[in-house]
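Chemist: would you be able to build a 3D model of this:
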Amino acid sequence: MDYRRNYVPKKHGKLGYRIVVPFLLLLLAGCLMIYTFYKPSPQEVDTSLNVCKMNHRETRSLITRLEKERSEEGTESLVFSDYGQYGETLGFYQNLYKPGTRDPFNGKTIFLNNVCSDEESTYLMGVDLDSKIPLEFLEDGFYEVELLSGLTRSRLVSEEKIDDTVYTISRNGKSKKIRIFANSALFDFEEHKILNENVLYLEVSSDDEHEKYDIAIDPSGLTLYNDGDTNYGNQYNGVVEADEMYDVALKLKEKLEAKGLRILVLRDNETPINVFGEDGRIAKGYEADAKYYIQLNLLYSGYKSDVGATMIYSNFSSNRIATSIMKALNEQTSLKASNYSSGHNIDGVYRTQLVDNLDLMNIIRETGGKFTGAGINEDFKELNGFAKDIRKGMQTVVVEYGYLNDDETFATWKNEKKAIIEATYEGILSGLGIE
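Modeler: Okay, the predicted model is just below:
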């Protein structure tokens, strides 16, 4: 007889949550302590500026060396209080800029040292707004800026931090991008501090990807007034200024764009638009960051003595572009130049009158930003006040092809319109230094 004992399996009790939960929490806390102890310390991201295609470390080494040299040479600092672009020139001013006043920097020599190539360029800070630093001639690189006052060369520094960008027009499909820096922390990293002042630097690079415009063309006529009326411009024997100037603007745009320039025509031929105001043509030019503004006109006068074409420019700029357009019209068309001129200008080229240290012609004054006193004339404080502090002024030429009611001018316009457009185009290119 077999004997088999009865086997009763041992019962296993379930672990209670009162044991499991504290154990898991204790384990998690331990893992967290181990991770915290052994994890690598966070590394500070190097956001300092690097230049001349160098890395951050190489850049700081270069700037440190240059600062040491400046210290050993005893280079002094000179504070500038204002700066800005007009057309394609960049100006710096010792005092806050005010139209019609002479700044202490006017007539002084400015030095730009390209630390990437160790080449130095020298320019004269002329009185005219377009007679300062010609941005289109700057080679790519990173520039120190010094100014000669008396026999002393001083580096320019700012009391305010600056990080601004301006552009030249497009030449051969490329423009120059110029960043303006003045920041004592520009090259700081961790405990490594190099500058103790907001030293001025310029960084120049070639750029072909921005969406800025070069020239704003304003065909007169089809102007919307504040009372809602529309002015189509002057009309004579079936010729309407609005239509003619729009046609010229489109043809100039086509020709200039073929040269790689970016052109904005400030109206179409259907929608009336004001010249001034926040929704006007000038505002569109500022918004597009245009460097030049060209207004096209055909005139009408009840005085028989009013004949001939005129090119009008600002009291604060040179006559270069106005003269080049007038010369081209003289040489290539039968269009007669006006007898009006000013200074040593050729016939037909003159500055607008100067009243209270401001340009009298509204379109010229209001397109140059703070440098021509835009938005400060009593009649324009409300209408164009948005432009009074703009540091990117458009250099403007008002093109007046002549008086429609003058028989000779009318006949020339009808018979030689194509040649007149071609001469205007070539005159603009010549004035801009483009072959």
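
Chemist: buried set for stretch 230-241?
Modeler: Neighbour-count burial for stretch 230-241 flags 233, 234, 235, 236, 240, 241 (criterion: 16 or more other Cβ atoms under 10 Å). Bear in mind the C-beta positions are built from the backbone N, C-alpha and C, glycine included.

Chemist: for the second one, what are its contacts?
Modeler: This means residue 234. Neighbour list for residue 234: 221, 241, 298, 299, 300, 404 [criterion: Cβ atoms under 8 Å, 6 or more residues apart in numbering].

Chemist: the second one contacts residue 235, correct?
Modeler: Right, the one you point to is residue 241. Yes. Shown here, residue 241 and residue 235 form a contact pair, counting by Cβ atoms under 8 Å, at 6.8 Å.

Chemist: which residues are common contacts for those two?
Modeler: Taking Cβ under 8 Å, 6+ apart as the criterion, residue 241 and residue 235 both touch residue 404.

Chemist: so what's the residue count around the closest residue to residue 374 other than its chain neighbours?
Modeler: Of all residues not flanking residue 374 in the chain, residue 387 sits nearest, at 3.9 Å (Cβ to Cβ, 6 or more residues apart in numbering). Using other Cβ atoms under 10 Å, residue 387 has 26 other residues around it.

Chemist: what's residue 387 in contact with, if anything?
Modeler: Applying Cβ under 8 Å, 6+ apart, we find residue 387 in contact with 282, 283, 286, 366, 369, 370, 374, 375.

Chemist: if we use 7 Å, what do you get?
Modeler: Residue 387 makes contacts with 286, 366, 369, 374, 375, as judged by Cβ atoms under 7 Å, 6 or more residues apart in numbering.

Chemist: would the second one count as being in a strand?
Modeler: When you say that, I think you mean residue 366. No. Counting by DSSP: H, G, I helix; E, B strand; the rest coil, residue 366 is not found in a strand; it is helix.

Chemist: how near is the closest residue in space to residue 115 that isn't next to it in sequence to residue 198?
Modeler: Closest residue in space to residue 115, ignoring its immediate chain neighbours: residue 142 at 5.3 Å, by Cβ to Cβ, 6+ apart. Plainly put, residue 142 is 16 Å away from residue 198 if you go by Cβ to Cβ, to the nearest Å.

Chemist: pick out whichever of the two has more residues nearby.
Modeler: Comparing residue 142 with residue 198 by other Cβ under 10 Å, the one with more neighbours is residue 142, at 25 against 20.

Chemist: partner strands of the helix or strand hosting the more buried one and their direction?
Modeler: Element membership for residue 142, per DSSP states H and E: strand 141-149. Here strand 141-149 is paired, per DSSP bridges, with strand 109-114 (antiparallel), strand 152-158 (antiparallel), strand 198-207 (antiparallel).
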